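> Got a predicted model here, sequence first, then my questions.
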Amino acid sequence: MKVKLKVKRSNGESGDAAYSRYEIETADNATVLDALIQVREYEDGTLGLRCSCRAAICGSCSMRVDGHSRLACRAKVIAITRGKEDHEIVVEPMGNMPVIKDLVSDMEIFWSKVRQVSPYLQPEGAVPEHEYLVPNEAMIDLTHTMNCIMCGACVSACTVLEVDKSFIAPAALAKAYRFVGDPRDDHKHDRLEYLAKVQGGIWDCTRCNMCVEVCPKGVAPMDRIMQLREISIDEGMTGGIGVRHSKAFSENIRRNGRLDEARFLPEAVGFFNVPRLLSELPGGLRMLRAGKLPWSHTLPWHKPIGGIKSVRRMFDSIRSQKKGKASS
Ligand code: SF4
Ligand code: SF4
Ligand code: FES
C-alpha cells in the first residue's frame, strides 16, 4: 500500500518549522507509527519521534494525525485513507506543549499539572499490617480513570489550556477524580476545596468535549470533571463563581427554555456586583453589535419557548433523581 505523509519538522531550539513529504510502500495493516518508523529507518534518519510499546499501552506516541490528537500506533493508515485516493496524512506534534524536535514534545506541562493534584493516596491513621483493603464495588467507578496511560492526547486537544496555561487540564483533573473517589483516601474534602478554588480548577473547563473525543482509553476526562463539580457542591462548596454561573445557567434555561444572555451575567455575578458588571460591559456591547445579545428576551412580556413545560419537567425529574440518590 502506498502512503503519503506530510510531517511537521522543527528544531525546538530555533523554533523554525517546515513540512517534509514522504511517499513509501507499507503493509496494508500499517499504522501511522509503522509508516513513520519506516521513514526513519529507510528514508530519513533525522526524523524525531517517540514510541515504545506500539500497542496503545505506553502512551508515548501521541501526536496529531490530520489535526486530531491520537496515538500513532492506533491510527491505521487504511482507515484514514479509505475512500480518499492520494490522501496525504498530515502528522504534527502534540498541541499545547513545546516541541523538542519534530514529533517529540516536551511533556513537562503535562507532568507538572499531574503533580499539582497530589496523585497519590493520602490515608490517615495507623498503617495496616498488610495492604489497605477496599471493597470491589467502591472501585468500579474508578476503573475508567485508572485506565489512563498518560499519553497527553487530551491535554494536546484541550481548548481551555490553549488560552489559559494555569488550567489544570483534563488528564490531571481525571487523575484527581481517581483519588477523590478512592475510599482509602482521607483528604477528599481538601482535594475538592483546592480543585474548586484554585485558578485553573474544575470550574474553568468549558465542556468542549475534545478530551472525551480524543482519549484512546475511554477515561472521558470531561465527565470526570463534571463529577468533581457535583461532589464539590454536595460537600457544600457552593460559594464560588463557578457554582453561581452553573446555577444561573440552569435557572435561565428552566425559566425560558433558552439562554437569556442579557440576564445571565447579572444573575451569575450578582445584580449589585457593579465593578464586575462594568468590566464585562465592553464584551457585552460587542455581543450586542454582533446580534448575540437578544435583550428583547429579557422584557417581561417575552414568552418562553413552546414546549417549556417539557423542559421544566425534565429539570424537575433530574432534580428529584439527584435528591433520591443523595438520600439513599
Ligand atoms: S472538556 Fe474541558 S478539559 Fe476537556 S478539552 Fe474541553 S475544556 Fe479541556
Ligand atoms: S485521559 Fe486519556 S487522553 Fe488523557 S492522558 Fe489519559 S489516556 Fe491519554
Ligand atoms: S507506542 Fe506505546 S502507546 Fe503508542
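Happy to help now that I have it. Ligands and ions are numbered 1, 2, ... in the order given.
> Near ligand 2, which residues of the protein are found?
Residues of the chain lying close to ligand 2 by C-beta under 6 Å from any ligand atom are 148-154, 170-171, 174, 214-217, 219, 221. The C-beta positions use only the backbone N, C-alpha and C, and glycine is treated the same way.
> Recalculate using a threshold of 8 Å.
By C-beta under 8 Å from any ligand atom, the residues of the chain that approach ligand 2 are 59, 62, 69, 110, 145, 147-155, 170-171, 174, 211, 214-219, 221.
> Which of those residues are buried, as a PyMOL select command?
The following PyMOL command selects only the buried members of the residues of the chain next to ligand 2, with burial defined by 16 or more other C-beta atoms under 10 Å:
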select buried, resi 59+62+69+110+145+148+149+150+151+152+153+154+155+170+171+174+211+214+215+216+217+219+221
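> any idea how far residue 257 is from the nearest residue to residue 302 once chain neighbours are set aside?
Using C-beta to C-beta, 6 or more residues apart in numbering and skipping the chain neighbours, the partner closest in space to residue 302 is residue 296 (6.2 Å). Separation of residue 296 from residue 257 (C-beta to C-beta, to the nearest Å) stands at 15 Å.
> Those two: who's more crowded?
residue 257 (18 against 9; other C-beta atoms under 10 Å).
> list the contacts for the nearest residue to the more buried one once chain neighbours are set aside?
Distances taken as C-beta to C-beta, 6+ apart place residue 305 nearest to residue 257, at 3.5 Å, with adjacent residues excluded. By C-beta atoms under 8 Å, 6 or more residues apart in numbering, the residues touching residue 305 are 256, 257, 258, 311.
> ok, now residue 122?
Residue 122 neighbours (C-beta under 8 Å, 6+ apart): 179, 185, 186, 187.
> Please name the nearest non-neighbouring residue to the last one.
This points to residue 187. Nearest to residue 187 is residue 122, by C-beta to C-beta, 6+ apart, at 4.5 Å.
> Check the secondary structure at the one you found for me.
Under DSSP: H, G, I helix; E, B strand; the rest coil, residue 122 falls in the coil class.
> show me where this protein has strands.
2-10, 17-25, 62-65, 68-71, 88-92, 99-101, 104-105 (DSSP state E).
> quick one: low-confidence ranges for the stretch 201-328 of the chain?
326-328 (pLDDT under 70).
> residues in it within reach of ligand 1, list them.
Residues of the stretch 201-328 of the chain lying close to ligand 1 (C-beta under 8 Å from any ligand atom) are 204, 205, 206, 207, 208, 209, 210, 211, 212, 221, 222, 225.
> and the last one, how many neighbours?
The reference is to residue 225. Neighbours of residue 225 using other C-beta under 10 Å come to 24.
> Right, and ligand 2 sits closest to which residue of the stretch 1-150 of the chain?
Proximity of the stretch 1-150 of the chain to ligand 2 (C-beta to the nearest ligand atom) peaks at residue 148, 3.3 Å away.
> Next, the contact list for that residue, please.
Per C-beta under 8 Å, 6+ apart, neighbours of residue 148: 171, 174, 175, 217, 219.
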